[in-house]
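Participant: give me coordinates for this.
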Amino acid sequence: MEIQKYWVSAAPYVPAVSLSMQPVVATILLLIGFVLTGLFTLTDKKSSSGFIKQTLIAIPASITLGFGFVWLLCAVGVYV
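Facilitator: From the prediction side, this is the model:
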């Protein structure tokens, strides 16, 4: 019976980002990701420092695109 007491007295879950702000967050993250992807395609691939530049651009681009798509799914009601 202890567990039921905790269950009843627990506060309801409040998301960190409200449901009305999820499309805005998704749009911002996706825009940043697409801009970084564009920069990735424009970097010099022939020089030795090109690999470092590409890596430093590709990592944030993939992270922002990944989170952007997750927020987009959450914004349209597909909770993953």
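
Participant: contact partners for the nearest residue to Leu29 once chain neighbours are set aside?
Facilitator: Spatial nearest neighbour of Leu29, excluding adjacent residues (CB to CB, 6 or more residues apart in numbering): Gly68 at 3.3 Å. All C-beta atoms are positioned from the backbone trio N, CA, C, and that covers glycine. Neighbouring residues of Gly68 by CB atoms under 8 Å, 6 or more residues apart in numbering: 26-30, 32-33.

Participant: distance of Gly68 from Ser18?
Facilitator: Distance of Gly68 to Ser18, given as CB to CB, to the nearest Å: 17 Å.

Participant: now Gln54
Facilitator: Using CB to CB, Gln54 is found at 36 Å from Ser18.

Participant: between those two, who's got more neighbours?
Facilitator: The neighbour comparison of Gln54 against Ser18 (other CB atoms under 10 Å) goes to Gln54, with 17 against 10.

Participant: wouldn't the more buried one be in contact with Phe40 here?
Facilitator: Yes: Gln54 is in contact with Phe40 according to CB atoms under 8 Å; the separation is 6.2 Å.

Participant: who's in contact with stretch 36-54?
Facilitator: 57-58, 60-61, 64-65.

Participant: show me those residues that map onto strands.
Facilitator: With DSSP state E as the criterion, strands contain none of the contacts of stretch 36-54.

Participant: specify which member of the contacts of Gly68 is nearest to Val78.
Facilitator: Nearest to Val78 among these, counting by CB to CB, is Ala26 at 11.9 Å.

Participant: low pLDDT regions in the protein?
Facilitator: In the prediction, the chain carries residues with pLDDT under 70 at positions 1.

Participant: what residue lies at the spatial centre of it?
Facilitator: Residue closest to the average C-alpha location in the chain (CA atoms, centre = their mean): Phe67, at 1.6 Å.

Participant: pretty sure it is touching Leu29, no?
Facilitator: Yes: with contact defined as CB under 8 Å, Phe67 reaches Leu29; the gap is 5.3 Å.

Participant: can you give me the helices for this protein?
Facilitator: For the chain, applying DSSP state H gives helices covering 2-9, 22-42, 48-75.

Participant: buried residues, the longest one. List them.
Facilitator: Read it as helix 48-75. 54, 57, 61, 64-65, 67-68, 71-72, 74-75 (16 or more other CB atoms under 10 Å).
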